[in-house]
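J.: Please find the sequence and the predicted model below.
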Amino acid sequence: ADLRGPTSRQPVRRTAQAPARTPGPGRGGGGGGGGGDGMRGLAVFISDIRNCKSKEAEIKRINKELANIRSKFKGDKALDGYSKKKYVCKLLFIFLLGHDIDFGHMEAVNLLSSNRYTEKQIGYLFISVLVNSNSELIRLINNAIKNDLASRNPTFMGLALHCIANVGSREMAEAFAGEIPKILVAGDTMDSVKQSAALCLLRLYRTSPDLVPMGDWTSRVVHLLNDQHLGVVTAATSLITTLAQKNPEEFKTSVSLAVSRLSRIVTSASTDLQDYTYYFVPAPWLSVKLLRLLQCYPPPEDPAVRGRLTECLETILNKAQEPPKSKKVQHSNAKNAVLFEAISLIIHHDSEPNLLVRACNQLGQFLQHRETNLRYLALESMCTLASSEFSHEAVKTHIETVINALKTERDVSVRQRAVDLLYAMCDRSNAQQIVAEMLNYLETADYSIREEIVLKVAILAEKYAVDYTWYVDTILNLIRIAGDYVSEEVWYRVIQIVINRDDVQGYAAKTVFEALQAPACHENLVKVGGYILGEFGNLIAGDPRSSPLIQFNLLHSKFHLCSVPTRALLLSTYIKFVNLFPEIKTTIQDVLRSDSQLKNADVELQQRAVEYLRLSTIASTDILATVLEEMPPFPERESSILAKLKKKKGPGTVTDLEEIKKERSSDMNGSAEPTSVNSTPSPSADLLGLGAAPLTNSAPPPSSSGSLLVDVFSDSASAVAPLAPGSDDNFARFVCKNNGVLFENQLLQIGLKSEFRQNLGRMFIFYGNKTSTQFLNFTPTQFLCLNLQTKPVDPTVDGGAQVQQVVNIECVSDFMEAPILNIQFRYGGTFQNLSVKLPITLNKFFQPTEMSSQDFFQRWKQLSNPKQEVQNIFKAKHPMDAEITKAKIIGFGSALLEEVDPNPANFVGAGIIHTKTTQIGCLLRLEPNLQAQMYRLTLRTSKEAVSQRLCELLSEQF
């Protein structure tokens with residue numbers, strides 16, 4: 001009863017060497033291969049095709065047959081069912097060979113009304129493969145399907161359900177999505193029909209979720225998990241899992257039933273479920289599906305259910321330790337499939353320390369398994385385990401095995417997972433060892449992953465640098481080993497940290513000076529050396545081996561080998577030297593005065609040389625000292641390296657989880673004013689209880705001021721201050737992202753992390769006290785009509801500390817205005833009152849919807865009422881970059897539909913706005929005009945106000 005049909009109606013091209021089997025005797029009963037049983041004419045035709053010596057001969061034979069079939073269909077003599085079936089089957093075979101078929105559809109539809117199984121089967125088979133959304137035929141087909149569904153003949157019902165699923169079009173969903181659930185939960189429906197109905201409904205839900213109505217049947221379908229027939233249970237579990245991912249509340253009763261069924265399976269002997277035992281493993285597919293269903297929900301609250309689930313998971317872990325009952329690979333594959341899914345559930349729940357440690361130990365045994373796939377999966381799962389506070393220490397015990405894998409693995413993908421695991425298990429106790437091993441591996445690493453390793457080494461060195469001399473050495477070593485893969489973010493970051501920490505400046509200057517003496521230096525090292533010596537070269541100038549003139553000559557010896565941006569940086573270093581070392585002012589002026597500088601073909605270099613020369617000539621010592629004074633400490637905003645790594649790895653990766661885990665366990669080093677960091681929630685625990693949700697690809701709140709949250713949603717109605725300056729600009733930046741800094745002034749910083757799923761959301765609001773003085777009577781309040789649940793915040797915020805508040809959000813109906821967050825507190829006896837907009841906008845409750853070009857434009861035409869469309873033509877505010885535009889449309893919440901619009905330069909999106917009371921379909925089309933630097937944005941939804949609001953929000957992004 002596998003109903004996974006082709007997702008499009010394109011022909012499946014096959015060569016003449018691979019047609020259906022030559023039919024044999026007997027009734028054309030079972031699958032597609034038996035449809036030709038007893039049709040001698042079809043057998044002869046297939047044989048003729050196979051015997052053709054050339055492509056031309058095959059085409060000639062096919063054209064002859066097509067002419068014969070056409071004449072038969074058009075002839076005066078009425079064809080009997082057998083002949084119709086035979087000719088339709090020949091047409092189907094010709095189509096599968098890759099030839100176009102433009103007739104015979106009506107004859108196939110006529111076969112559907114036959115009461116003979118073989119004729120009806122061929123009719124449905126033809127329609128499933130060849131029929132598209134032809135309106136007249138679809139009506140006839142739908143009538144035939146309805147008749148078969150109403151016939152209560154299980155064989156005919158099965159054929160009809162298979163056809164619906166294989167076609168799987170929106171038209172099919174509109175016609176039958178309300179009917180199939182009734183068949184599924186009817187008491188007199190046979191088991192085989194229930195299986196087909198469950199999988200058919202699953203197919204329709206995947207293609208057109210908005211057309212499958214939730215209703216009374218949802219509570220009844222859950223009880224199919226208790227069905228006696230395991231085939232029905234397996235099909236129902238697939239359906240419920242997909243439905244529960246988007247409608248968790250509707251199906252939460254499935255948890256206890258799934259646990260009960262799983263318990264019966266894992267405690268049964270292989271002989272108990274004889275028909276569903278695969279190589280001594282009882283019902284492995286059903287076990288995996290049940291475990292995946294349970295991953296849609298948090299740990300069960302009922303102690304009895306939770307205890308039973310724990311017993312199941314322990315049993316699965318125990319069985320993994322038992323000797324294999326068969327040496328065949330199918331046995332180990334089935335057994336390990338259940339085991340890995342159980343471990344995924346343990347990791348998802350992240351609540352049972354004993355199970356987490358046992359899972360870690362089990363995975364540790366796989367790290368040295370001879371099967372490459374098992375080693376890969378073990379490394380991947382342990383990356384996630386490393387983010388749990390319960391199993392982090394257990395993961396660390398396998399560090400030597402992982403390091404050995406890094407050195408000896410032949411498969412590059414396994415080595416990459418080993419790098420990920422080392423990064424995930426790193427903390428202060430083992431940072432130096434792991435960074436050293438990564439640096440060693442970097443010298444021989446595959447080119448495809450070198451940049452990623454460089455970013456990870458830079459992040460770890462910064463996070464866990466107890467001694468900043470080690471950090472400087474590590475980054476310079478990194479540049480030496482893999483300079484080509486060291487991005488600007490890495491050397492920017494090392495400069496920021498050196499400038500922000502007085503204790504390392506002298507050492508950094510001495511180290512880069514020594515590194516620059518190598519005959520061949522990477523250009524990134526020249527950049528770091530030029531910047532640091534320009535700022536702190538005076539700290540080592542007292543040593544005759546690094547006198548001012550030697551420093552200058554060393555840098556200038558690299559000048560002619562560098563690119564234009566690096567030369568520009570070195571010219572800035574030279575003018576800094578004029579201020580630091582007046583004794584070499586004349587030497588530097590001579591360089592600036594040379595023709596190669598003043599007449600340089602590059603306008604940037606020429607302008608710098610002219611201006612710096614003039615500045616050094618006419619400015620007094622005091623003016624020079626003021627203009628060229630030391631760079632002030634950088635404000636600590638975000639780790640740009642971490643943001644780059646997350647961008648490279650994509651959203652929702654273990655990097656995100658690991659970053660949060662490490663924020664929870666330690667401070668970020670290198671900040672200008674290090675502050676204590678309170679516990680930050682781990683997104684590995686699902687914020688909404690809706691299953692794992694990917695985080696957006698954006699930077700976290702600043703680590704220096706910490707991640708802070710406040711009571712944004714109390715009911716007090718005190719006077720609301722006007723919006724803080726700049727809050728509107730910050731608000732606009734959050735329309736297409738969920739994480740970042742919402743507001744910052746001299747006293748307070750507000751950071752956000754949030755996630756949304758359907759009509760639910762959860763937001764972490766972080767408040768950081770940037771001063772050394774307590775905030776008293778700290779009272780954040782929000783004003784909005786959304787349904788929100790919050791916990792009160794401590795009214796006292798210590799200096800340099802942070803507090804957090806978790807806000808649960810429910811979108812009851814569509815809304816236009818964002819909530820206002822008002823914060824009031826006393827600082828040093830002065831009353832502070834400020835307000836900012838919270839970035840909870842209608843598009844946050846978008847669920848992206850994939851659809852074909854045909855479905856999109858059909859739906860587009862349906863939303864043709866003038867009140868449903870809003871259009872805006874506007875001037876581009878930012879550079880018109882196609883990749884950035886794509887990212888913003890995806891960040892806005894809709895699916896980006898590729899190859900839908902006839903004009904490839906246009907962008908098309910689709911999604912559904914979920915509220916508690918309704919779902920609102922939305923289609924958008926963005927047409928850029930590069931010559932005029934203009935955009936035309938068109939929004940169509942079923943509600944005018946929603947179209948208007950979404951158009952306003954999205955227009956501001958371009």
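T.: Okay, I see it.
J.: any idea how far residue 439 is from residue 457?
T.: 6 Å (Cβ to Cβ, to the nearest Å). For glycine as for every other residue, the C-beta is placed from the backbone atoms N, C-alpha and C.
J.: Over to residue 749?
T.: For residue 749, the distance to residue 457 (Cβ to Cβ) stands at 29 Å.
J.: go on, residue 473?
T.: Computed as Cβ to Cβ, the residue 473 to residue 457 distance reads 12 Å.
J.: And the strands in the stretch 751-900 of the chain?
T.: 760-769, 775-783, 787-790, 802-810, 820-827, 830-837, 846-848, 869-875, 895-896 (DSSP state E, counting those that start in this stretch).
J.: before we move on, back to that, more neighbours: residue 439 and residue 457, which one.
T.: Per other Cβ atoms under 10 Å, whichever of residue 439 and residue 457 has more neighbours is residue 457, with 28 against 19.
J.: so what's the more buried one closest to, chain neighbours aside?
T.: residue 438 (5.0 Å; Cβ to Cβ, 6 or more residues apart in numbering).
J.: ok, how many other residues are close to the one you found?
T.: Residues near residue 438, counting by other Cβ under 10 Å, number 24.
J.: then the host helix or strand of it to PDB, C-alphas only?
T.: Assigned by DSSP states H and E, residue 438 belongs to helix 431-442. These are the backbone C-alpha positions of helix 431-442, laid out as PDB (Å, rounded to 0.1, in the frame of the first residue of the first chain):
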ATOM      1  CA  ALA A 431      40.600  23.900  24.700                       C
ATOM      2  CA  GLN A 432      44.300  24.000  24.200                       C
ATOM      3  CA  GLN A 433      44.500  20.300  23.300                       C
ATOM      4  CA  ILE A 434      41.600  20.500  20.800                       C
ATOM      5  CA  VAL A 435      42.900  23.700  19.200                       C
ATOM      6  CA  ALA A 436      46.400  22.200  18.800                       C
ATOM      7  CA  GLU A 437      44.900  19.100  17.200                       C
ATOM      8  CA  MET A 438      42.800  21.200  14.800                       C
ATOM      9  CA  LEU A 439      45.800  23.200  13.800                       C
ATOM     10  CA  ASN A 440      47.800  20.100  13.100                       C
ATOM     11  CA  TYR A 441      44.900  18.700  11.000                       C
ATOM     12  CA  LEU A 442      44.500  22.000   9.200                       C
END
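J.: Centre of the chain to the helix or strand harbouring residue 607, how far?
T.: Using DSSP H and E, the element containing residue 607 is helix 603-618. Offset of helix 603-618 from its chain centre (Cα atoms, centre = their mean, to the nearest Å): 49 Å.
J.: Stretch 747-758 now?
T.: The answer for stretch 747-758 is 19 Å, by Cα atoms, centre = their mean.
J.: In CSV, please show the C-alpha coordinates belonging to it.
T.: This file holds the C-alpha atoms of stretch 747-758, laid out as CSV (Å, rounded to 0.1, in the frame of the first residue of the first chain):
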residue,chain,number,x,y,z
LEU,A,747,22.7,52.2,30.5
LEU,A,748,20.7,49.3,29.1
GLN,A,749,20.9,46.8,26.3
ILE,A,750,18.0,44.7,25.1
GLY,A,751,18.6,41.5,23.1
LEU,A,752,16.1,39.1,21.6
LYS,A,753,15.9,35.5,20.6
SER,A,754,12.7,34.1,19.4
GLU,A,755,11.1,31.3,17.4
PHE,A,756,7.6,30.9,15.9
ARG,A,757,5.6,27.9,14.8
GLN,A,758,2.2,28.3,13.2
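J.: quick one: buried residues of it?
T.: Going by neighbour count (16 or more other Cβ atoms under 10 Å), the buried part of stretch 747-758 is 747-758.
J.: Let me know the closest of these to residue 596.
T.: residue 749 (47.3 Å; Cβ to Cβ).
J.: Which stretches in the stretch 201-350 of the chain count as strands?
T.: 277-278, 281-282.
J.: what is the rounded mean pLDDT of the first one?
T.: Spelled out, that is strand 277-278. For strand 277-278, the mean per-residue pLDDT is 86.
J.: The helix holding residue 607 packs against which elements?
T.: Judged by 3 or more Cβ pairs under 8 Å, 6 or more residues apart in numbering; DSSP states H and E, helix 603-618 is in contact with helix 564-580, helix 585-593, helix 595-598, helix 621-627.
J.: Most tightly packed of those?
T.: Mean neighbour count (mean count of other Cβ atoms under 10 Å) peaks for helix 564-580 among those, with a mean of 21.
J.: and it, C-alpha only, in PDB?
T.: Only the C-alpha atoms of helix 564-580 are listed here, as PDB (Å, rounded to 0.1, in the frame of the first residue of the first chain):
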ATOM      1  CA  VAL A 564      45.700  47.600  -2.900                       C
ATOM      2  CA  PRO A 565      43.600  47.300   0.300                       C
ATOM      3  CA  THR A 566      46.700  46.100   2.300                       C
ATOM      4  CA  ARG A 567      48.900  48.900   0.900                       C
ATOM      5  CA  ALA A 568      46.200  51.400   1.900                       C
ATOM      6  CA  LEU A 569      46.300  49.900   5.500                       C
ATOM      7  CA  LEU A 570      50.200  50.200   5.500                       C
ATOM      8  CA  LEU A 571      50.000  53.800   4.400                       C
ATOM      9  CA  SER A 572      47.800  54.500   7.500                       C
ATOM     10  CA  THR A 573      50.400  52.600   9.600                       C
ATOM     11  CA  TYR A 574      53.100  54.900   8.200                       C
ATOM     12  CA  ILE A 575      51.300  58.100   9.200                       C
ATOM     13  CA  LYS A 576      50.700  56.500  12.700                       C
ATOM     14  CA  PHE A 577      54.500  56.000  12.800                       C
ATOM     15  CA  VAL A 578      55.000  59.700  12.200                       C
ATOM     16  CA  ASN A 579      53.100  60.400  15.400                       C
ATOM     17  CA  LEU A 580      54.700  57.500  17.400                       C
END
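J.: If you count contacts, what does that helix end up packed against?
T.: Checked by 3+ Cβ pairs under 8 Å, 6+ apart, helix 564-580 has helix 523-536, helix 548-559, helix 585-593, helix 603-618, helix 621-627 packed alongside it.
J.: gap between residue 587 and residue 573?
T.: From residue 587 to residue 573 the distance is 14 Å (Cβ to Cβ).
J.: So what touches the helix or strand where residue 383 lies?
T.: Here residue 383 sits within helix 372-385, counting by DSSP H and E. Residues from elsewhere that reach helix 372-385 (Cβ atoms under 8 Å, 6 or more residues apart in numbering): 336, 340, 343-344, 347, 356, 359-360, 363-364, 366-369, 391-392, 394-395, 398, 402, 405, 409, 411, 413-414, 417-418, 420-421, 424-425, 654, 657-658, 684.
J.: which stretch in the strands of the stretch 751-900 of the chain has the least confidence?
T.: strand 787-790 (a mean of 66).
J.: Keep only those of the contacts of helix 372-385 that are in helices.
T.: For the contacts of helix 372-385, the ones inside helices are 336, 340, 343-344, 347, 356, 359-360, 363-364, 366, 392, 394-395, 402, 405, 413-414, 417-418, 420-421, 424-425, 654, 657-658, with DSSP state H as the criterion.
J.: Could you pull out the buried residues of the helix holding residue 438?
T.: Neighbour counts over helix 431-442 (16+ other Cβ under 10 Å) mark 431-432, 434-435, 437-439, 441-442 as buried.
J.: Present these as JSON lines; the columns should include pLDDT and distance to residue 492.
T.: Formatted as JSON lines, the buried residues of helix 431-442 follow (pLDDT from 0 to 100; distance: Cβ to Cβ, whole Å):
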{"residue": "431", "pLDDT": "88", "distance to residue 492": "22"}
{"residue": "432", "pLDDT": "90", "distance to residue 492": "24"}
{"residue": "434", "pLDDT": "91", "distance to residue 492": "23"}
{"residue": "435", "pLDDT": "92", "distance to residue 492": "20"}
{"residue": "437", "pLDDT": "90", "distance to residue 492": "26"}
{"residue": "438", "pLDDT": "90", "distance to residue 492": "21"}
{"residue": "439", "pLDDT": "90", "distance to residue 492": "20"}
{"residue": "441", "pLDDT": "87", "distance to residue 492": "25"}
{"residue": "442", "pLDDT": "86", "distance to residue 492": "20"}
